[in-house]
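[1] Predicted coordinates and the sequence they were generated for:
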Amino acid sequence: MKRTAVRQLTTAVVAALAVTVMPSAAATDSAGPAAATASDPFYTYDGSKPLASYTPGEVLKKRTLRYHIVGLPTPVKATQLLYRTTDAQGRPSANVTTLVRSINGDGSRAVSYQSFYDSLNPEDGPSRAIAGDVSLGGLVPNAESLFLIPLLSQGYNVIIPDTEGPNADFAAGPEYGAVTLDSIRAATGSAADTGMNADTRVGLIGYSGGAIATSWAAARAPEYAPDVNKRLVGFTEGGLLVDAAHNLKYVDGSAVWSGVIPMAVIGVSRSYGIDIRKYLSSYGQQVYDKLEHGSIANAVAQYPGLTWKKMAKPEYADPNSVPEFVQAVNKINLGSAATPTVPGYIAQGDGGVFEGTFSNLPGIGTGDGITISGDVRALARQYCSTGNKLIKYQQYDLLSHLPAAAAWAPGALSWLRDRFEGRRAPSDCGRIPAGNSLEPEKPTAGS
């Protein structure tokens, strides 16, 4: 791919995002198969061998197509791989990742970009948007195509996994991490198709939901994928969900972000096989039904003032009165995960009051409207105290969740470039203010 293709992609991104009438997603592209649909067989493993007989990261299918923006094909070609990975319960699953090759043909370095598509619908994943699908939830990965431009222009290969797995297991961090790591294995194990190989160095980057995948991948890599870990140059993330139990309290009653409560409840329960509906009130079940296959676009500002208490039966007004849910929430607490062994740059907004979330809750403190600054500081300090001294932390005191992403992104790309160029990573260890306790939740007595 030439530099002219990147210029053409830039024009295509701007033009396509300005389109107000969505084109049909059913058109067939001459550079590859038809655009992805709900029945697209590419997303289903249909081989004769048991899926469990493949190793994590092993490629099951592959295809090449044009990179689409809001359903419109661009000059840029992408390779998509169906690969074997692992779900939240440790079971084998098949997932899709997308690769875009560097413009200079250099296969020595890649950036794994984790999308913040935050959805309970598999059809909202970035691979489907790239293949030409158009959906409300898929508008996020379409907009994120803007991140592709600087990465390609700097000569990186770009890996874009569907981080939530084949069932859109929203908020299931351990699964996000496995899916991301196996995506890197698949991309670098397919040299003929991707130009990358087992020596390709990789950087991790993601914001918000993408930060969940980035952080869990960095934390799980030493144990789950040591072959990938030895090639990681670092991870950078912002707007990070650390302790879901804290976040459920933080956004409880929020004017903007309270719709994340049912999304998280559905995602966590689905990921770990919990029948959460039996604990919900009739109203809670109505919300569940509306959002069971919804995206962040269906939740943000759609349920102002919503609380867990409004969703639950009276006897379950305290979420800790549901032991199986508490166990699942503790599994996705990053405070209980291992410490990454590679450098990290973590950023966090702290102006959440501007996005309709209550400020300075007892035991939780302030945040960016959806994620909690004290939790993020605590995690960064924990990394420093458990052996990783190359942690940079930045807090934007006056910025809420969305503006903080714009502030973080340029510095994140610069920080990653320095890691690839071999410069020593900066450290804020010893200067990061104290945070919250990240101790696991305990079921309430008698539950």
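    That came through, no problem. Residues are numbered from 1 along each chain as shown.
[2] shaky segments in the stretch 301-447 of the chain?
    In the prediction, the stretch 301-447 of the chain carries residues with pLDDT under 70 at positions 354-360, 445-447.
[3] could you point out the longest helix in the protein?
    For the chain, the helix that runs over the most residues, judged by DSSP state H, is helix 401-420.
[4] Okay, buried residues for it please.
    By 16 or more other CB atoms under 10 Å, the buried positions in helix 401-420 come out as 401-405, 407-409, 412-413, 415-420. Backbone N, C-alpha and C define where each C-beta goes, glycine included.
[5] Work out the gap between that helix and the centre of the chain.
    Computed by CA atoms, centre = their mean, to the nearest Å, the separation of helix 401-420 from the middle of its chain amounts to 16 Å.
[6] I'd like to know which elements it is packed against.
    Packed against helix 401-420, as judged by 3 or more CB pairs under 8 Å, 6 or more residues apart in numbering; DSSP states H and E, are the following elements: helix 145-153, strand 201-207, strand 232-238, strand 344-349, strand 391-396.
[7] so which of the ones you listed gets nearest Ile370?
    Among the helices and strands packed on helix 401-420, the nearest to Ile370 by CB to CB is strand 344-349 (9.4 Å).
[8] For the stretch 101-250 of the chain, which segments are assigned as helices?
    Remark: helices of the stretch 101-250 of the chain, listed N- to C-terminal, are 126-131, 139-143, 145-153, 173-188, 191-194, 209-224, 226-229, 244-250; assignment by DSSP state H, counting those that start in this stretch.
[9] Export these to TSV and append columns for mean neighbour count.
    Below are these laid out as TSV (neighbours: other CB atoms under 10 Å):
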stretch	mean neighbour count
helix 126-131	29
helix 139-143	22
helix 145-153	20
helix 173-188	28
helix 191-194	16
helix 209-224	26
helix 226-229	17
helix 244-250	23
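[10] Of these, which is nearest Cys429?
    Evaluated over the helices of the stretch 101-250 of the chain, closeness to Cys429 peaks at helix 209-224, with 16.2 Å, by CB to CB.
[11] Let me know the angle separating the closest one from helix 401-420.
    Between helix 209-224 and helix 401-420, the angle comes out at 40 degrees (axes from the mean of the first three to the mean of the last three CA atoms, to 10 degrees).
[12] Show me what helix 209-224 is packed against.
    By 3+ CB pairs under 8 Å, 6+ apart, helix 209-224 packs against strand 109-114, helix 173-188, strand 201-207, helix 226-229, strand 232-238.
[13] Output these as CSV; include the columns mean pLDDT and distance to Asn142.
    Supplementary listing: the helices and strands packed on helix 209-224 in CSV, determined by pLDDT from 0 to 100; distance: least, CB to CB, whole Å:
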stretch, mean pLDDT, distance to Asn142
strand 109-114, 98, 14
helix 173-188, 98, 20
strand 201-207, 98, 16
helix 226-229, 98, 28
strand 232-238, 98, 20
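[14] Going by neighbour count, which residues of stretch 332-348 are buried?
    If you call a residue buried by 16+ other CB under 10 Å, then stretch 332-348 has these buried ones: 332-335, 337, 339-348.
[15] In those, find the pair that's most separated.
    Greatest spatial distance in these: Ile332 and Pro343, 24.0 Å, computed using CB to CB.
[16] Spit out the contact partners of Leu416.
    By CB atoms under 8 Å, 6 or more residues apart in numbering, the contact list for Leu416 reads 111, 203, 205, 233-234, 236.
[17] In the chain, where's the longest strand?
    Scanning the chain for the strand with the most residues, using DSSP state E, yields strand 72-86.
[18] pretty sure Tyr396 contacts Gly352?
    No - under the contact definition of CB atoms under 8 Å, Tyr396 does not touch Gly352, with a separation of 11.1 Å.
[19] So for these two, which residue has more residues nearby?
    For Tyr396 and Gly352, the more surrounded residue by other CB atoms under 10 Å is Gly352, and the numbers stand at 28 against 19.
[20] which ones are touching Leu139?
    Contacts were defined as CB under 8 Å, 6+ apart; by that measure Leu139 touches 70, 297.
[21] likewise Ile130?
    With contacts taken as CB under 8 Å, 6+ apart, Ile130 has the following neighbours: 65, 67-68, 78, 80, 98, 141, 160.
[22] What pLDDT does the model give it?
    With respect to pLDDT, Ile130 has a value of 95.
[23] Ok, the one 10 residues further on next?
    Reported pLDDT at Val140 in the predicted model: 88.
[24] gap between the nearest residue to it once chain neighbours are set aside and Met196?
    Closest residue to Val140 apart from its sequence neighbours, by CB to CB, 6 or more residues apart in numbering: Tyr117 at 4.6 Å. Separation of Tyr117 from Met196 (CB to CB, to the nearest Å): 23 Å.
[25] In terms of neighbours, single out the busier of the two.
    Set side by side, Tyr117 and Met196 show unequal neighbour counts under other CB under 10 Å, the larger going to Tyr117 at 30 against 25.
[26] tell me the pLDDT at that one?
    pLDDT, Tyr117: 95.
[27] Help me confirm that it comes into contact with Gly209.
    Yes - the pair Tyr117 / Gly209 is scored as a contact, 6.6 Å apart, by CB under 8 Å.
[28] what do the two both touch?
    Contact criterion CB under 8 Å, 6+ apart; residues bridging Tyr117 and Gly209 by contacting each: 164, 296.
[29] Not counting its neighbours along the chain, what's nearest the spatially most central residue of the chain?
    Nearest to the mean C-alpha position of the chain, counting by CA atoms, centre = their mean, stands Gly210 at 2.7 Å. The spatially closest residue to Gly210, leaving aside those adjacent along the chain, is Gln114, at 3.7 Å (CB to CB, 6+ apart).
[30] just Leu60 next, same as before
    With CB to CB, 6+ apart as the measure, Leu82 is the residue that lies nearest to Leu60, at 4.6 Å, once sequence neighbours are left out.
[31] May I have the beta-bridge partners of that neighbour?
    Lys61, Val96 (DSSP bridges).
[32] what's the neighbour count on the residue lying closest to Ala52 once chain neighbours are set aside?
    Spatially, and ignoring its direct neighbours in sequence, Ala52 is nearest to Pro92 (4.5 Å; CB to CB, 6+ apart). Taking other CB under 10 Å as the criterion, the count of residues near Pro92 is 16.
[33] Tally up the residues packed near the nearest residue to Met263 once chain neighbours are set aside, please.
    With sequence-adjacent residues excluded and distances taken as CB to CB, 6+ apart, Met263 is closest to Ala299, at 5.2 Å. The criterion is other CB under 10 Å. On that basis, Ala299 has 25 neighbouring residues.
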